[in-house]
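Engineer: Sequence and predicted structure are below.
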Amino acid sequence: MMKDSAPKATPKPDKGEVSKRKKSDQFIFITAVLDMTWQLAIVFLVPTIGGHELDVHLKTSPLLFIIGCILALAGCFVVLRRMLGQLNQSFTHPESKK
């Protein structure tokens, strides 16, 4: 019984199609990461700082801060899930890019 072996070298694609596609994908990824960064900062900082400030004002030591942290984690999950869905759609369906 003979075993098939893998090719010795990977075939190289045409120069034009790979470089254009790769740069476009890199640009989409970088803009998505920058967009996600400020969204995560806002979604995390507003509830935690707001909870802390309300705790100081209402003298309810850690209660509202903990609620703010839970809300911040839920918000981060929503932002990450939405961004991954958008990236997945843009990379799997290139014709639907904006």
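Structural biologist: Arrived safely, thanks for sending.

Engineer: Let's see the pLDDT reported for Thr10.
Structural biologist: Looking at Thr10, its pLDDT reads 75.

Engineer: what are the ranges of the helices in this structure?
Structural biologist: For the chain, helices defined by DSSP state H occupy the ranges 15-58, 63-92.

Engineer: Could you export these as CSV, including mean neighbour count and mean pLDDT?
Structural biologist: Where C-beta positions appear, they are placed from N, C-alpha and C, glycine not excepted. Listed next are the helices of the chain as CSV, based on neighbours: other Cβ atoms under 10 Å; pLDDT from 0 to 100:
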stretch, mean neighbour count, mean pLDDT
helix 15-58, 13, 86
helix 63-92, 14, 93
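
Engineer: Out of the ones you listed, flag the one nearest Lys8.
Structural biologist: helix 15-58 (20.8 Å; Cβ to Cβ).

Engineer: and the closest one, what does it pack onto?
Structural biologist: The elements that helix 15-58 packs onto, with contact taken as 3 or more Cβ pairs under 8 Å, 6 or more residues apart in numbering; DSSP states H and E, are helix 63-92.

Engineer: I'd like to check the angle between the helix it packs on and helix 15-58, please.
Structural biologist: 170 degrees (axes from the mean of the first three to the mean of the last three Cα atoms, to 10 degrees).
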